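Participant: after the sequence you'll find the predicted model.
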Amino acid sequence: MVMVLTLGCVLGGCQFFSAPTVQDQWDFSDEDATQWTSPNAEMVSFADGVALMPRDEPAILLSGSLSLDLRRYRSVRVSLFTQRPSEGRLGLVVEAAGGTQRVSLPFQTRGGRLESVDLDLSGVPSGVLKQAVVVPSLVPQPVAVGSIDFAGWARLHWLEEMVSPKPGINLALKGYSINFVQPPSFNGRSLWQWLFPVVLGLAIAAFGLQGTVRWKALVRVRATQGLIAIWVLGVCFLIYHQWVALSVDTKRFGGLSLEQAYQRMDGGPFWRDLRAVSSVATPRDSIELILHDVEEHKGNFLHFRAAYYLAPVPLRRENATLRLHYFADVHAPCATVEPDLVLLEESQRICLFRTRAA
Amino acid sequence: MTSLMEILGLVSLWGLGLLITPLVGSFHPATRLGMAYGIGTVWITLVLGAMGLVGLPISSAVALPAVAVLAVLLWVVRRWVGSLGQPFLGGTDAGTRVRTATRWLGFGVGGTLGLLVATIIAALTLSRTWIRPIMGWDVWAVYAVKAKMIYATEAIPMDLLGTGQAPNYPLGPPIQQVWAALIAGSWDEAAVKLTVWGYFPAVFLVAYGILQEKFTPARAVFGALFVGAIPLMVQHSQEPYTNLSLAYFVLGQGVALTRYACTRSRYGLFVAAVLGMGAVLTRVEGALFVILNALLLTFVKMPWRDRLVYVGPAAVVWGVWAAVRPRSGFETVLISDLSMMSTSLDRIVPVAASFGESLFISGNWMIVWTLFFVAFLLRFRSTFEVEHIFLVWPVVIYLVVFAGIFVTKEWMYRYLDDQTLLHRLILHVAPMAALWVAVLTCAGSSASRAIQAGRGETTDA
C-alpha cells in the first residue's frame, strides 16, 4: 500500500480524489441508505455529472475505512477512465488470519474511453478488507474513477450492487445517464451480451418461420414467448433501477425548499449569491463570470448553473456590462480585485463590477 | 394549489389539442388522445412564437387570452373544414375498423398487469420529475435558460440564441415550457418539466390505439409498453432532454402517413403535417424525417398536392427559423453543418462497432433492434408496402444517415465514445421501430394461435 501510494505521489502528486459514490458502493455493511446524503451531502451533490469527469492530473482514489469480508467475493470490477493506454494498480489492505497484508493488483487500460477492468480476487488472502487504493494510471494523465463493484458467486457484479444498501446511485446521480442500466454481469460479459445470440435465434424463428405448417407455428409461438420473457426481465430491471433512483432523489431533495435543493446540488449557496447579483443587474445588462479557486470541471458546472440562475440577464464570455468574480475560498477585498472598475456588490464570495453602461 | 396549476399546464396542452383532434379522423380514440398532446404543443409553439416575432408580449395577460381565442377560432375552422372540406379530406374508414377497436374494457389478466406496469412506470417517472430540481446539464439547461429568458422578458430577444451552447436548437421546447410557466403563474420547474413528461402517455396512447385496432386490448397494452416504456425510462426520467419529444413526433408522423397511404383519407395527411411541424420545432433532426417522408410519399406515388400539404407547414416553420437565426448572428444549419464535413474513411469500422454495440447490447433495445433488423431482412419485400414503408424506411435511412455523419463529421466522431449521444440519437426512431416490430409480432402470434386453434386445417410438411 505504501509503495503504491508513494509511487503515485512521486509520479503524479498526491491528489486524493475522494469520490463518495465509490465509497458508498464499497460500504456494503451500511444498512442505512440515508447516510450517504450526509455528511458528504455537498460533495455527493456536486458529483452530479462530474464524478466521471477526467481530472487534469493523475488521481489516486482512496477509500475510507472499510469492513468487507473478502471471503464472499471472487472478483472486483473497477470502472475507470484514462486518456491514454496505461498500467494501473488496485491496492488492498486485508486483515487476514496471519495479520495485516497488502496486495497490489495490476491492470491495463486501453485508454480513450470509460472502461471496466475485472480483477480476480482468488490470489488475495482471505480476510476483511480494511482499505483500498486505486491508481488508474502510473503515468501522469487525466484519469477518473467511476465505480468499484465486488462480485461473489458466478461473478454477478450487478447483483452485488443490487443487494448493497445503495444500488442505482450512479443512475440516480448522473443527469445524462441514458440506457446505462447495468445488467448482471457473468465472467466479464453483461447479461445482454450472453443473451444476444439467444435473442437473435428467437427473432429468426419468430419472423423466419412462415407458413401454416403446425411445427413452424408452434416454434414461432414459443420463440415469441421467449422474447417476451426476456423483455419482461429487462423491464423488471429498469423498474427496479427507477425505483431506486427515485428513492435516492427523494432522500436528496424530498421536502427541501428550492434554495436548499440548489444548495445541495451546487455544493454551496451559489443560487443565493447570484440572486444578490440579479437584484443589482438590469435585463439590459450582461455578465462576465470569472470563477476563482474552482476546479475546471466544477467551473463548467457552475457556468451552467449561473446562466440558469441569472436569466434573463445573459452570461457573456466578453464585452459584458458587468463582471462578476466568484470566489470559492476567502478572497481579497474587492477594491483590490479590479481597482479600475466600479464596485457594485461585495459579499463573502462575490465581487460585482460594472465595466460599462448597459 | 401550486400542484394543481402545474398539472393544469400539462392538461391544457391536451385540451387545446383535443379541440382539433376530430380532424384526426378515423383513428382509435386512444390514438386521437395521444396525438392531441402533440397537436396542442405545436399549437402553443406556433401562437406564442408568432407573438414573439411580431412583438406582442408573451405574458399571462396577453398570451393566455390570445391562445384561447385563437383556439376557439380554430374550433370554428375545424367545424367548417369538417363540412366544407369533406371533398378534399375524403371519407374516414371508421366502418372498417375491427370491432375490438371501440372496446376499452376487457383487458383480461395480462392486459390489467400491463396497465399496472404502465401506471407504475408513469408514477415513478412523474415523481422524479416532481422531486428532482433542474440539474442544469446539456440541452436541458440550454432549453431551460432560453425559456426562463423568454418568460422573464415576455419576449423572444434577438440575442437569445447567443446565450446558450446550442444556438441551432429550435425554440419549440422552450416556448412550451414558457406556456407551462404562464399557466402556473410563476417560473415553476415542476410545471416546465411536466411538459416533457407528457410525451410518455402520448406515445403510449398513440401506440395502444394503433395496436388495439388490430389486436386484443391485452396485446395492445403490452405492445404499447414495448413502444413507449423503455425510451421513457432510459431517458426521460433521468433528465428531460428532447429526444423523447422528437421520437413522439416521428412516431406520430409514421402512424398518420401510414393511415393516409392505406385509406387515402387526407385526415391522416393533415395530422402528419402538424406533427411534422412539431418535429421541426423540436429538434433540427426533425427536418430530416419530413424530407424522408416526403420522398417516401413520392415513392408510393401520392399526388404532388398531397405531398405539398404534408411538407408545406414544416417547410414554412423551418424557413422562418432559418431566416431568424442569421439575424442573431448564426449561419443556417445547412451551411454550418456542411462546413465541417471530412472524408476520412478509416472511421467506418469504429462507427459501425459503436452503433452495433448501442443497438444490440443495450438491455431491451437489444430485443427491439434485433427483431427489427431480422424482420427487415426477412420481410424485405413487404417493407415497401404502404402498411410498412412509413414505419420502416425512415428508421433505416435515419440510422444510415447518422452513421454517415459520425464518419464524416469530425466533431461528431469525437463523441462516438460518449454513448449517451449515440443512445439519444437512436432513441429518435426507437419507438417507431418498436411499433413496427409489435405489429408484426402480434400479427404473427395471432396467426399462430389461429392455426393452433384450427388444427385440422394444418398439415405437416
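Facilitator: All right, it came through fine. Numbers count the residues shown, from 1 in each chain, chains lettered A, B, ... in the order given.
Participant: how close does A:Ala132 get to A:Pro106?
Facilitator: 14 Å (CB to CB, to the nearest Å). C-beta here means a position set from N, CA and C on the backbone, and glycine is covered the same way.
Participant: which one's more surrounded, those two?
Facilitator: Shown here are A:Ala132 and A:Pro106; by other CB atoms under 10 Å in any protein chain shown, A:Ala132 has more neighbours (25 against 11).
Participant: I'd assumed A:Glu87 was in contact with A:Ser137.
Facilitator: Yes - assessed by CB atoms under 8 Å, A:Ser137 is found in contact with A:Glu87 at 7.4 Å.
Participant: so what's in contact with these two at the same time?
Facilitator: Common contacts of A:Ser137 and A:Glu87, defined by CB atoms under 8 Å, 6 or more residues apart in numbering or on different chains, comprise A:Thr109.
Participant: looking at the two, which one has more neighbours?
Facilitator: Neighbours were counted for A:Ser137 and for A:Glu87 using other CB under 10 Å; A:Ser137 has more, 26 against 14.
Participant: what is the neighbour count of residue 301?
Facilitator: Assuming you mean chain A. There are 24 residues near A:Phe301, going by other CB under 10 Å.
Participant: sorry, I should have been clearer: chain B.
Facilitator: Neighbour count for B:Lys301, taken as other CB under 10 Å: 8.
Participant: low-scoring stretches of the stretch 351-461 of chain B, by residue?
Facilitator: Where the stretch 351-461 of chain B drops to pLDDT under 70, the residues are B:411, B:414, B:417-420, B:444-461.
Participant: which parts of it are strands?
Facilitator: Ranges of strands within the stretch 351-461 of chain B: none, based on DSSP state E, counting those that start in this stretch.
Participant: check the stretch 151-300 of chain A too.
Facilitator: A:185-186, A:189-190, A:287-292.
Participant: which sections of chain A are below the confidence cut-off?
Facilitator: If you take pLDDT under 70 as the line, chain A has these spans: A:1-67, A:113-114, A:145-147, A:153-183, A:187-188, A:296-297, A:358.
Participant: right, is the lengthiest helix in chain A up against chain B?
Facilitator: The single longest helix within chain A, with elements called by DSSP state H, is helix A:214-253. Yes - using CB under 8 Å from any CB of the partner chain, we find that helix A:214-253 touches chain B at A:214-215, A:217-218, A:220-221, A:224, A:227-228, A:230-231, A:234-235, A:237-239, A:242-243, A:245-246, A:249-250, A:253.
Participant: other SSEs contacting that helix?
Facilitator: Applying 3 or more CB pairs under 8 Å, 6 or more residues apart in numbering or on different chains; DSSP states H and E, we find helix A:214-253 packed against helix A:41-46, helix A:169-173, helix A:191-208, helix A:258-266, helix B:108-131, helix B:217-231, helix B:365-378, helix B:430-453.
Participant: quick check: B:Ser127 touching A:Leu246?
Facilitator: Yes - the pair B:Ser127 and A:Leu246 passes the contact test of CB under 8 Å, sitting 5.5 Å apart.
Participant: looking at the two, which is more packed in?
Facilitator: Remark: of B:Ser127 and A:Leu246, A:Leu246 carries more neighbours, 22 against 18, as counted by other CB under 10 Å.
Participant: you'd agree that one is up against B:Arg128?
Facilitator: Yes - under the criterion of CB under 8 Å, A:Leu246 makes contact with B:Arg128 at 5.4 Å.
Participant: ok so, going back, show me which of the residues of helix A:214-253 next to chain B are buried.
Facilitator: Among the residues of helix A:214-253 next to chain B, those scoring as buried are A:214, A:217, A:220-221, A:224, A:227-228, A:230-231, A:234-235, A:237-239, A:242, A:245-246, A:249, A:253 (criterion: 16 or more other CB atoms under 10 Å in any protein chain shown).
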